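>>> Have a look; sequence and predicted model below, questions after that.
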Amino acid sequence: MDPPLLSVARTFATKVKANFDTPVRAQAEDQLKAPAVELIEAGGALFGRNVEARTEAQVHVLGARPDIGVAVDRLLRGFVELKAPGKGARPERLTGAEREQWLKFQRLPNLIYTDGSEWSLFREGRRGTPLVAV
């Protein structure tokens with residue numbers, strides 16, 4: 001039997017794979033949203049926390065909308081920005097509109113960038129943990 005966190009991660013991977021194995025063409029980034037929300041909430045539950053994740057979070061002061069906002073025990077704790085698989089989780093590689101978006105998002109106190117395979121945590125624009133690739 002898998003450890004609980006590994007089981008949650010495998011469920012995420014299975015759902016992402018299923019979303020991309022369909023013949024229906026759709027925006028790649030959007031196919032990560034539902035599995036990512038489930039991963040975040042299930043991961044929080046493993047640690048006995050009430051985690052609520054909502055898509056298209058609004059941050060009016062930035063004039064930007066991260067893909068997911070995350071509250072823990074009813075307090076807003078951070079955001080997740082999804083990128084299409086293969087784009088990576090390295091904002092320094094972004095160009096054009098995505099670079100402009102990053103310049104806004106780096107002001108957030110807690111932000112995870114992910115393409116579903118690479119994950120990076122940023123705290124006020126600085127990488128808070130080493131890049132994780134799965």
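Received, thanks. Residues are numbered from 1 along each chain as shown.
>>> And the next helix or strand past the host helix or strand of K17?
Taking DSSP states H and E as the criterion, K17 maps to helix 4-20. Next in sequence after helix 4-20, counting helices and strands by DSSP H and E, comes helix 33-46.
>>> pLDDT of the helix or strand following that following helix, averaged?
Next helix or strand after helix 33-46 toward the C-terminus (DSSP H and E): strand 51-55. For strand 51-55, mean pLDDT rounds to 98.
>>> Can you give the strand pairings for strand 51-55, parallel or anti for each?
Strand pairing for strand 51-55, determined by DSSP bridges: strand 68-72 (antiparallel).
>>> what separates the strand it pairs with from the chain centre, distance-wise?
10 Å (C-alpha atoms, centre = their mean, to the nearest Å).
>>> so who does the residue nearest the centre of the chain touch?
Computing the C-alpha centroid of the chain and ranking residues by C-alpha atoms, centre = their mean puts V80 first, at 3.7 Å. Taking C-beta atoms under 8 Å, 6 or more residues apart in numbering, we find V80 in contact with 36, 40, 53, 66-68, 70, 111-114. Using the backbone N, CA and C atoms, a C-beta is placed for each residue, glycine as well.
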